[in-house]
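Engineer: I need the structure of the sequence given here:
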Amino acid sequence: VQDRWHARLFFLAPAIRAGAREYISLPPDAELIAAVLAAVCDDERPMIAEDASMKQVIQLADQIAGSDASIMITGESGVGKEVLARYVHKKSKRKDKPFIAVNCAAIPEQLLESELFGHEKGAFTGAVARRIGKFEEADGGTLLLDEISEMDLRLQSKLLRALQERVIDRVGGAKPVSVNIRVLATSNRDLAQLVKNGEFREDLLYRLNVVNLRIPPLRERKDDLAALSSFFIGKYATSNGRPARKLSREGLMQVHAYAWPGNVRELENAMHRAVLLAGGEEVGPDAIRAPDGAPVGSRDSTGLAIEAAQAAARHLVGRTVAEVEQDLILETLTHCLGNRTHAAHILGISIRTLRNKLKQYSDEGLRIPPPPTGQAA
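Structural biologist: Residues are numbered from 1 along each chain as shown. Prediction:
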């Protein structure tokens with residue numbers, strides 16, 4: 001599998017050089033397609049902040065943007081961590097150099113090393129040419145390590161050396177390569193707790209976390225809701241050829257009343273849908289709906305998943321932790337209609353941990369809900 005992957009990367013090189021941003025291998029995977037589309041669409045998002053808490057974050061970002069200090073950007077999924085990283089890059093002295101982002105959770109563990117550090121010709125079967133990794137691609141500019149908490153410990157050690165010495169070793173290489181980059185990292189998990197659990201290197205955390213920029217969840221920055229909603233409505237009205245609209249007073253009240261567990265990403269999707277569904281001159285509550293058509297804030301699949309997790313946890317007496325964990329994971333996945341990303345968010349674990357658990361259950365003979373739907377046995 002690894003050989004086929006690297007051969008595919010070799011043949012894709014001309015397309016990448018010609019301007020291709022991403023590719024999707026066959027057979028297509030729904031979660032991969034969503035991730036690729038999100039990555040491509042995120043490039044030119046402006047920083048919009050009206051809430052005092054978010055303004056404080058941007059003020060701190062402005063203060064340290066001109067330095068070469070490593071920055072850890074933390075916050076829940078969908079709050080805009082990569083948007084803030086790009087903002088810091090554009091404010092830095094490296095703004096005219098490359099900004100390279102790597103999603104550490106989306107690349108298989110055995111391939112991430114080559115993706116970051118590159119490889120030499122003949123380093124393994126199928127390595128028919130030297131490949132430059134993301135560290136070298138970002139030389140002179142900024143490298144964003146998205147979801148750094150998903151990187152395995154062995155690779156964390158190599159990353160630490162690269163940050164300390166500013167040199168990298170290509171896979172199969174005999175000579176260190178000097179790099180001049182600034183490293184930003186993001187995580188939606190509690191890294192201090194991961195350090196305590198032995199899942200993340202403490203020395204690497206110190207190296208990356210010179211400055212921490214914590215982005216508050218949208219439910220804690222209510223003053224941003226009107227500005228963000230207005231921006232997204234204008235953006236998608238233009239891109240879909242719809243007349244200019246504004247959010248009605250009742251629509252804004254509904255937006256304010258909802259907790260937005262998916263944060264800015266969920267709000268953007270809701271406003272995009274609202275632009276398409278709105279029939280009058282304003283976007284009202286009737287147009288602000290969840291993907292299944294239910295009004296935003298109603299009892300949707302997220303609520304069902306939470307209820308399922310709570311119900312599974314009630315019957316604990318006389319059962320092992322492993323048995324309870326298995327039921328909790330499978331029941332939550334079932335009520336998320338097989339959506340791994342959604343289930344992992346509800347359970348508070350990484351997508352990689354969830355997939356490892358599901359593989360274990362499958363090997364034990366359990367039937368696992370396939371994406372996007374299914375029933376666990």
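Engineer: what's the average pLDDT for stretch 108-126?
Structural biologist: Stretch 108-126 shows a mean pLDDT of 76 in the predicted model.
Engineer: quick one: residue 235 from residue 293, how far?
Structural biologist: When CB to CB, to the nearest Å is applied, the distance between residue 235 and residue 293 equals 23 Å. From N, CA and C alone the C-beta is placed, and that goes for glycine too.
Engineer: so for the two, which sits in the more crowded spot?
Structural biologist: Regarding residue 235 and residue 293, a neighbour count based on other CB atoms under 10 Å identifies residue 235 as having more, with 15 against 10.
Engineer: quick check: what element follows the helix or strand that contains residue 225 along the chain?
Structural biologist: Residue 225 is located in helix 223-239, with elements delineated by DSSP states H and E. Of the helices and strands lying after helix 223-239 in sequence (DSSP H and E), the nearest is strand 246-247.
Engineer: quick one, the helix or strand just after that following strand and helix 223-239 angle?
Structural biologist: Once the chain leaves strand 246-247, the next helix or strand it forms, by DSSP H and E, is helix 249-257. Angle, helix 249-257 to helix 223-239, by axes from the mean of the first three to the mean of the last three CA atoms, to 10 degrees: 120 degrees.
Engineer: okay, helix 249-257 in PDB with CA atoms only?
Structural biologist: The C-alpha trace of helix 249-257 is given here as PDB (Å, rounded to 0.1, in the frame of the first residue of the first chain):
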ATOM      1  CA  ARG A 249     -34.500  40.500  13.500                       C
ATOM      2  CA  GLU A 250     -36.200  37.200  14.200                       C
ATOM      3  CA  GLY A 251     -33.500  35.300  12.300                       C
ATOM      4  CA  LEU A 252     -30.800  37.000  14.400                       C
ATOM      5  CA  MET A 253     -32.700  36.000  17.600                       C
ATOM      6  CA  GLN A 254     -32.700  32.400  16.400                       C
ATOM      7  CA  VAL A 255     -29.000  32.600  15.700                       C
ATOM      8  CA  HIS A 256     -28.300  34.000  19.100                       C
ATOM      9  CA  ALA A 257     -30.400  31.300  20.800                       C
END
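Engineer: pull out the buried residues from that helix.
Structural biologist: Neighbour counts using 16 or more other CB atoms under 10 Å place 251, 252, 254, 255 of helix 249-257 among the buried residues.
Engineer: ok, so of these, who is nearest residue 215?
Structural biologist: residue 255 (18.9 Å; CB to CB).
Engineer: which residues touch the closest one?
Structural biologist: Neighbouring residues of residue 255 by CB atoms under 8 Å, 6 or more residues apart in numbering: 225, 226, 229, 247, 267, 288, 296.
Engineer: hmm, try it at 7 Å
Structural biologist: The contact partners of residue 255, taken as CB atoms under 7 Å, 6 or more residues apart in numbering, are 225, 229, 288.
Engineer: check residue 61 too.
Structural biologist: Contact partners of residue 61, counting by CB under 7 Å, 6+ apart, are 84, 87, 88, 213.
Engineer: okay, now the last one: neighbour count?
Structural biologist: Residue 213 is flanked by 21 other residues according to other CB under 10 Å.
Engineer: cool, residue 156 as well?
Structural biologist: Applying the criterion other CB under 10 Å, we find 17 residues in the vicinity of residue 156.
Engineer: how about it, secondary structure?
Structural biologist: When the structure is split into helix, strand and coil by DSSP: H, G, I helix; E, B strand; the rest coil, residue 156 lands in helix.
Engineer: so it touches residue 204, yeah?
Structural biologist: Yes - applying CB atoms under 7 Å, one finds residue 156 in contact with residue 204, separated by 5.2 Å.
Engineer: identify the residue spatially nearest to residue 103, adjacent ones excluded.
Structural biologist: Counting by CB to CB, 6 or more residues apart in numbering, residue 146 is the residue found nearest to residue 103 once chain neighbours are left out, at 4.6 Å.
Engineer: where's that neighbour relative to residue 73, distance?
Structural biologist: The span separating residue 146 from residue 73 equals 9 Å under the rule CB to CB.
Engineer: the two: which is more packed in?
Structural biologist: The neighbour comparison of residue 146 against residue 73 (other CB under 10 Å) goes to residue 73, with 27 against 21.
Engineer: same question for the strand or helix carrying the more buried one: list its buried residues.
Structural biologist: Assigned by DSSP H and E, residue 73 belongs to strand 71-74. For strand 71-74, the buried set under the neighbour-count rule, 16+ other CB under 10 Å, comprises 71, 72, 73, 74.
Engineer: show me what contacts the first one?
Structural biologist: So that's residue 71. For residue 71, the set of contacting residues under the criterion of CB under 7 Å, 6+ apart consists of 64, 88, 184, 210, 211, 213.
Engineer: returning to that earlier point: between the contacts of residue 61, which sits nearest residue 130?
Structural biologist: Closest to residue 130, out of all of the contacts of residue 61 and judged by CB to CB, is residue 88, at 31.1 Å.
Engineer: might one say that the closest one is in contact with residue 66?
Structural biologist: No - no contact is recorded between residue 88 and residue 66 when judged using CB under 7 Å, the distance being 9.7 Å.
Engineer: ok, the two, which is more surrounded?
Structural biologist: Under the neighbour definition other CB under 10 Å, residue 88 and residue 66 were set side by side, and residue 88 has more, 26 against 12.
Engineer: what is the neighbour count of the closest residue to that one other than its chain neighbours?
Structural biologist: In space, not counting the residues next to it along the chain, residue 88 is nearest to residue 65; the distance is 4.9 Å by CB to CB, 6+ apart. Applying the criterion other CB under 10 Å, we find 20 residues in the vicinity of residue 65.
Engineer: against residue 184, how distant is residue 65?
Structural biologist: 11 Å.
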